[in-house]
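In: Structure for this input, please:
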Amino acid sequence: MSDHPLAGIFSVEASARRIRNYRYAEERMMRTLGGWIALTPELAPKLLFGRHVWDCAQHADLWGRRLPELRAPAQQSEPANARFAAFMDLLDGREARHETVERIVGVYRVLKPHLIATYEAHLAAANPVYEPPTRRILERCLTEERRHVAAAMMVLERLLDSDAKRRASEWQTRLLDALADSGGVTGETPTPLLAPEVAGSDGSGDVVSVPAAFDPNVIGAELRPILEDHCRALIARDVARLGEHVAGERRGAVLGVYESVPAARTCEIAAQAKIGAHRLIKIRLVGPSGVSVLQLQWQQRAGIWHVVEAELVRVEPAA
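Out: Below is the predicted model:
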């Protein structure tokens, strides 16, 4: 602290320490979001994470370049304490495919709202005469963090069925307890600051619209009839016919995946991706117990398409 009437409430040393704390949070968040992109099966949150990685990297860089102006080494990150580092480890640890809701909650309901509230408090205290560079960085970070949270709430709302709401609430409570134990990003707030809302922020520009329907006619004429027959066999649970469509050395593994798929009444082709000679096909099966999504990898063998990999990527219970 400084007692000079124009210096503001933070000394140069205290300002540099807080900025290293901010850079640590932004840098860790950048790495966390980047790592989650490949782990997240749902397209909208996957693309959201990809867009926000860039902004977090920019925030970390801005804070890092501010440090030499405060007589501190450039681009250094420092957690406020070991407990805040442990909080970030906890947040970062949700890596299972089905934990997309927990990933969004951790970053956008806990960490970013905490940073928003902390940045707001710092901006209110920062001296406009001596600290305009810090104020400009805070203003930019606040604008972008608020937009991020607003966008994520739009994406999260689409994922929250009754079970996901319960999981989201439990995970948020656990993270808030860990954040409180750490004293927050600066280690100085036993009851961490948390922005309650982002009213007035428009996050729609960060949300990528996903086409509502997939046209199966884009699938090649040689693969499409085999794939449609495969779908009918999945509904009928016709193991013999399914086995005919699977490459011999992969038959046991693929049919083993099919055994875990709940009974279905309808089957639709939901997506296709071309990767060299392979075709990744997503199939959506709807039955009495809910919706299942299979991802199948097809490859031509002796001119005939066969399944070589199968993965049950999602099961959604009936509402």
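In: how far out from the middle of the chain is stretch 295-313?
Out: Mean-position distance between stretch 295-313 and its chain equals 28 Å (C-alpha atoms, centre = their mean, to the nearest Å).
In: Name the residues of that stretch that are buried.
Out: 295-299, 305-312 (16 or more other C-beta atoms under 10 Å). To be clear about C-beta, it is placed using only N, CA and C from the backbone, and glycine gets the same treatment.
In: And for stretch 53-72?
Out: Buried residues in stretch 53-72 (16+ other C-beta under 10 Å): 53, 55-57, 59-64, 66-67, 70, 72.
In: likewise stretch 165-179?
Out: 167-168, 171, 175-176, 178-179.
In: now do stretch 145-158
Out: By 16+ other C-beta under 10 Å, the buried positions in stretch 145-158 come out as 145-153, 155-156.
In: can you tell me the average pLDDT over that stretch?
Out: For stretch 145-158, the mean per-residue pLDDT is 94.
In: residues contacting the residue nearest to residue 181 when sequence neighbours are not counted?
Out: Nearest residue to residue 181, sequence neighbours excluded (C-beta to C-beta, 6 or more residues apart in numbering): residue 83, at 5.5 Å. Residue 83 makes contact with 178, 181-183, 187 under the criterion C-beta atoms under 8 Å, 6 or more residues apart in numbering.
In: which among those residues gets closest to residue 234?
Out: When the contacts of residue 83 are compared for distance to residue 234 (C-beta to C-beta), residue 178 comes out closest, at 43.3 Å.
In: was I right about the closest one contacting residue 86?
Out: Yes. At 6.9 Å, residue 178 and residue 86 qualify as touching, with contact defined as C-beta atoms under 8 Å.
In: farthest-separated two in the buried residues of stretch 165-179?
Out: 167 and 179 (18.3 Å).
In: Please name every helix or strand in contact with the helix or strand that residue 256 is a member of.
Out: Element membership for residue 256 (DSSP states H and E) is helix 251-259. Using 3 or more C-beta pairs under 8 Å, 6 or more residues apart in numbering; DSSP states H and E, the elements in contact with helix 251-259 are helix 239-244, strand 304-317.
In: Run the chain-centre distance for that helix.
Out: 30 Å.
In: Please shift the residue numbers so they start at 472 in all later answers.
Out: Sure, I'll start numbering at 472, so the last one becomes helix 722-730.
In: Check which element follows it along the chain.
Out: strand 737-746.
In: Show me what that next one pairs with in its sheet, parallel or antiparallel.
Out: strand 749-758 (antiparallel) (DSSP bridges).
In: mind listing the strands for the stretch 572-721 of the chain?
Out: Using DSSP state E, counting those that start in this stretch, the stretch 572-721 of the chain contains no strands.
In: quick one: contacts for residue 508?
Out: 517, 520-521, 524.
In: ok, now with 10 Å
Out: 516-521, 524 (C-beta atoms under 10 Å, 6 or more residues apart in numbering).
In: quick one: low-confidence ranges for the stretch 522-671 of the chain?
Out: 668-671 (pLDDT under 70).
In: Apply 80 and report the result again.
Out: 661, 663-671 (pLDDT under 80).
In: in it, which spans are helices?
Out: 553-563, 571-575, 583-596, 603-628, 633-653 (DSSP state H, counting those that start in this stretch).
In: how about these in JSON lines, adding distance to residue 718?
Out: As requested, those are exported to JSON lines (distance: least, C-beta to C-beta, whole Å):
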{"stretch": "helix 553-563", "distance to residue 718": "37"}
{"stretch": "helix 571-575", "distance to residue 718": "31"}
{"stretch": "helix 583-596", "distance to residue 718": "46"}
{"stretch": "helix 603-628", "distance to residue 718": "37"}
{"stretch": "helix 633-653", "distance to residue 718": "36"}
